[in-house]
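Colleague: Below is the sequence, then the predicted model.
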Amino acid sequence: MDDKQTLVKCLVWDLDETLWRGTLVEDGEVRLTDGITAVIEELDSRGILQAVASKNDHDLAWARLVELGAADYFVLPQIGWGRKSDSVRRIAERLNFAPGTIAFIDDQPAERAEVAFHLPEVRCYPADQALALPGLPEFSPRAVTVDSRRRRQLYQANFQRESVRESFTGPDEEFLRTLGLELRIGRADDEELSRVEELTLRTSQMNATGVHYPDAVLRELCADPAHEVLVATLTDRFGPHGAIGVLLLETRPDSWHLKLLATSCRVVSFGVGTVILNWLVDQAFRAGVHLVADFRATDRNRMMDIAYRFAGFTDERCECSTDQPGEADVQRLHLVPEPRALPETMRLDAPALGLPRVP
């Protein structure tokens, strides 16, 4: 995708004369700008996160957002007297979003220019465009899934997890056991296909090839007996994480070809990628086949290369990894499977891939 087509994942709002009319320190009775509530609610329903970067007294501004009934819609509020670019950068880093997926709206040309200078990939909009944002292509995902509609709640729950984790004094492994993690891997059905498409579109750091698979292609693969389209979901005591992983697998008599593995950045610290790969390796061992995995390096997915190598994939040449032509920029990694143990920090519910599908 080029920059104009890249979807916005988070919109960062200024407050004075943007989200609300007036300047808070001069007029404590500021009101939300006409039509802004509808914009906030619509973007939220599409799964676009919203945050605040405002030069204001934090306690006073946040209290006013609460009074106006808008506070719950905003994650990671950055309210203080520092540079707006620093606030936007902190939001992007905390969310683990690329700057190109962040948008910023402010009534002051100088503030937009300051953000654009320090963060040129961030898209900046004047306040008088606020009501038009839902109609712009970068704010219009092709599909709105169950996970999209509750994305804000998923992130807010994750911030709670992080807060509890910071106060936990034991080893990380012990903390993970306290979460009651349950990972489910299943074959994608009609309802989940849009979630799979969204994952391939939104995930860049933990996407092994950077390829986006549209809905029509996914449906063709689901209908093909030689392919598996698998989606992974995760829950814990704080609630659901939603769909957090997708695998596209071609099953052949002597080898399984992992064409895509993508997992959400939100669950990297839980070791979910490792669990998924170990499960797949164990399934391949039980089926008596080799594993081949595609990897295409991008400017953001080095972590996936490390995950494959850590799981045991190598550049070793094998007939099963060279008998199919591949694209020039795609590495074809290879692994001879051995049995893998079940995870110790989470419960795993997954199908037996070597068995015939149940209609």
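Modeller: Done, it's in. The structure presented is a predicted model; accordingly, all values stated were derived computationally and were not measured.

Colleague: Looking at this structure, which strand is longest?
Modeller: What stands out as the longest strand in the chain, according to DSSP state E, is strand 239-251.

Colleague: Would you mind pulling up the elements that that one packs against?
Modeller: Identification of packing neighbours for strand 239-251 by 3 or more Cβ pairs under 8 Å, 6 or more residues apart in numbering; DSSP states H and E yields helix 146-149, helix 151-167, helix 190-202, strand 227-236, strand 255-263, helix 272-287. All C-beta atoms are positioned from the backbone trio N, CA, C, and that covers glycine.

Colleague: who wins for proximity to Lys84 among those?
Modeller: helix 151-167 (21.5 Å; Cβ to Cβ).

Colleague: now for the closest one, which elements pack on it?
Modeller: strand 49-55, strand 239-251.

Colleague: Which parts of the protein are strands?
Modeller: Under DSSP E, the chain gives strands at 10-13, 20-21, 31-32, 49-55, 78-80, 102-106, 123-126, 181-187, 227-236, 239-251, 255-263, 290-295, 331-335, 346-349.

Colleague: Of all those strands, which one is nearest Phe117?
Modeller: strand 123-126 (10.3 Å).

Colleague: Please enumerate residues in contact with the closest one?
Modeller: 8, 100, 102-107, 109, 112, 115-116, 133, 138 (Cβ atoms under 8 Å, 6 or more residues apart in numbering).

Colleague: Listing partners with orientation, what would you give for that strand?
Modeller: strand 102-106 (parallel) (DSSP bridges).

Colleague: now what about the strand it pairs with, what contacts it?
Modeller: In contact with strand 102-106 (Cβ under 8 Å, 6+ apart) are residues 8-14, 18, 53, 84, 88, 91-92, 112, 115, 119, 121-127, 129-130, 133, 138-139.

Colleague: Deepest in the core, which of the helices and strands packed on strand 239-251 is it.
Modeller: strand 255-263 (a mean of 24; mean count of other Cβ atoms under 10 Å).

Colleague: could you redo the helices and strands packed on strand 239-251 as TSV and give each row mean pLDDT and distance to Trp62?
Modeller: Formatted as TSV, those follow (pLDDT from 0 to 100; distance: least, Cβ to Cβ, whole Å):
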stretch	mean pLDDT	distance to Trp62
helix 146-149	81	25
helix 151-167	90	15
helix 190-202	70	29
strand 227-236	92	28
strand 255-263	91	34
helix 272-287	95	33
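
Colleague: what would those look like in a markdown table with distance to Leu49?
Modeller: Formatted as a markdown table, the helices and strands packed on strand 239-251 follow (distance: least, Cβ to Cβ, whole Å):
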| stretch | distance to Leu49 |
| --- | --- |
| helix 146-149 | 11 |
| helix 151-167 | 6 |
| helix 190-202 | 11 |
| strand 227-236 | 19 |
| strand 255-263 | 19 |
| helix 272-287 | 21 |
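
Colleague: so which of those gets nearest Phe74?
Modeller: Nearest of the helices and strands packed on strand 239-251 (Cβ to Cβ): helix 151-167, 8.8 Å.
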